[in-house]
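Trainee: need a structure here:
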Amino acid sequence: VENDSMPAHPLIAPEREEIRAGIERGETDGQIGDRLGRHRSTINSEINRNGGRAGYSAVAAQARADEHRQRPKEPKLAADPVLAAHVTARLEAKDSPMTISIELARGTHGITASISHECIYGAVYAHGKRGLPPGLHHGLHRRRRCRKHRRSPGEALPAKTSPLGSFNLIHSRPPVAATRTEVGHLEGDLIIGSFNRSAIVTIFDRASRHVWLADFPGAHDKDETLAAVGEILNRIPEPLRRTLAWDQGREMARHHDLAELYGIDVYFADPHSPWQRPTNENGNGLIRRYVGKSTNLATYTASDLRLIEHRINTIPRRSLDWSTAHDRYAAAVAMT
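Mentor: Numbering: from 1, shown residues only. Got it, this is the predicted structure:
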């Protein structure tokens, strides 16, 4: 697919003539860019989108740029109601724009189209103005009405006294865990419901991205957390219980008992460092699509959670080269 993106300040006709002259002189993209005050990537993109060095024409390139700059342009989804209806149905089924884009390219659901995930995101956040109906942002991972810009990190919060006692920091975890080549290195956390009155345990395997969930029949204190995490570990073959990483929440105060009972090494991330457990943090965002925020999580039974597990574990994942977590984990279990 050609890249028709333009720089913030588009090239003008005299610059394109200079590019043509530079090509004839055998200059590199960097040399041409330095003379024009442009980055070499801008020069490279301009040449590649207009026939390459062998076929570049300044006149044709300018005419093409003028044509593509014309407005208004009809959004792709607005121009194709059938495609828009399909994308709407998949978003309502809580598929991500990336998954929809890949499945359309493959013709997975009987319809084939070339549309990027960014195009779908743009239509969703246009709220009814680019071919998709308003309100579809509720089916996305974060359910935000508009995209959230990253903020600059502020000052670190003051450290609090930990109820965990002595514990192993994540930096001492075996280096193989960071490579994601070995199934059995887990990351866990709690998803908290409304008013902090309910919770769900979530545990992800770093290598396969396989997820396990467990509910709490009552409170989610240290004793109930030990029982819930143990319930999940009982579902994992003993050879694949290698390590477990958690944040420094008080619910894991019985981590020594957990390690002794289930033969797994437990490690804790630094305070306020969610990026040290990225698989779990990103996975919790995916789970939130099915359980929502500010809801009573106690209404979800063990059967409900198994259905959510199955749904997430059978979604093709970009991080797995569009394989599924279930397939990767099942292959590892078969090796045991």
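Trainee: wait, what's in contact with residue 250?
Mentor: Neighbouring residues of residue 250 by C-beta atoms under 8 Å, 6 or more residues apart in numbering: 163-164, 222. No exception for glycine: its C-beta is placed from N, CA and C like everyone else's.
Trainee: mind listing which of those are in helices?
Mentor: Of those, the ones assigned to helices by DSSP state H are residue 222.
Trainee: need the contacts of residue 250 in JSON lines with pLDDT and neighbour count, can you?
Mentor: Converted to JSON lines, those look like this (pLDDT from 0 to 100; neighbours: other C-beta atoms under 10 Å):
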{"residue": "163", "pLDDT": "83", "neighbour count": "12"}
{"residue": "164", "pLDDT": "89", "neighbour count": "19"}
{"residue": "222", "pLDDT": "93", "neighbour count": "18"}
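Trainee: Let me know the closest of the contacts of residue 250 to residue 84.
Mentor: For the contacts of residue 250, the minimum distance to residue 84 (C-beta to C-beta) is 50.1 Å, reached by residue 222.
Trainee: got a list of what that closest one touches?
Mentor: Residue 222 neighbours (C-beta under 8 Å, 6+ apart): 250-254.
Trainee: List only buried entries from those residues.
Mentor: Burial by neighbour count, 16 or more other C-beta atoms under 10 Å: within those this picks out 251-254.
Trainee: Tell me which entries of those residues lie within helices.
Mentor: Using DSSP H to define helices, no part of those is located there.
Trainee: okay, these in JSON lines with distance to residue 331 and pLDDT next?
Mentor: Listed next are those as JSON lines, based on distance: C-beta to C-beta, whole Å; pLDDT from 0 to 100:
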{"residue": "251", "distance to residue 331": "32", "pLDDT": "94"}
{"residue": "252", "distance to residue 331": "30", "pLDDT": "95"}
{"residue": "253", "distance to residue 331": "35", "pLDDT": "94"}
{"residue": "254", "distance to residue 331": "33", "pLDDT": "95"}
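Trainee: And these, which is closest to residue 261?
Mentor: residue 254 (9.4 Å).
Trainee: who touches that closest one in this structure?
Mentor: 222-223, 225-226 are the contacts of residue 254 under C-beta under 8 Å, 6+ apart.
Trainee: before we move on, what about residue 296?
Mentor: So residue 296 contacts 193-194, 197-198 (C-beta under 8 Å, 6+ apart).
Trainee: What are the neighbouring residues in contact with the spatially closest residue to residue 96 that is not a sequence neighbour?
Mentor: Nearest non-adjacent residue to residue 96, counting by C-beta to C-beta, 6 or more residues apart in numbering: residue 141, 6.8 Å away. Shown in contact with residue 141 (C-beta under 8 Å, 6+ apart): 96, 285-286, 288-289.
Trainee: Wait, residue 202 touches residue 283, no?
Mentor: Yes - using C-beta atoms under 8 Å, residue 202 is in contact with residue 283, at 6.5 Å.
Trainee: list residues touching both of those two?
Mentor: Listed as contacting both residue 202 and residue 283 by C-beta under 8 Å, 6+ apart are residue 211.
Trainee: From the centroid of the protein, which residue is nearest?
Mentor: Closest to where the C-alpha atoms of the chain average out (C-alpha atoms, centre = their mean) is residue 282, at 6.3 Å.
Trainee: got the buried residues for the longest helix along the chain?
Mentor: In the chain, ranked by residue count with DSSP H as the criterion, the top helix is helix 278-291. Going by neighbour count (16+ other C-beta under 10 Å), the buried part of helix 278-291 is 279-281, 283-284, 286-287, 289-291.
Trainee: Tabulate those in TSV, adding columns for pLDDT and distance to residue 70.
Mentor: Shown next, in TSV, are these (pLDDT from 0 to 100; distance: C-beta to C-beta, whole Å):
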residue	pLDDT	distance to residue 70
279	96	45
280	96	48
281	94	44
283	94	44
284	94	45
286	93	40
287	95	45
289	92	39
290	93	44
291	91	46
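Trainee: so where's the stretch 51-200 of the chain shaky on pLDDT?
Mentor: Counting by pLDDT under 70, the stretch 51-200 of the chain shows low-confidence ranges at 71-72, 147-161.
Trainee: ranges for the helices of it?
Mentor: Along the stretch 51-200 of the chain, counting by DSSP state H, counting those that start in this stretch, helices occupy 52-55, 58-68, 76-79, 81-92, 97-106, 117-124, 176-179.
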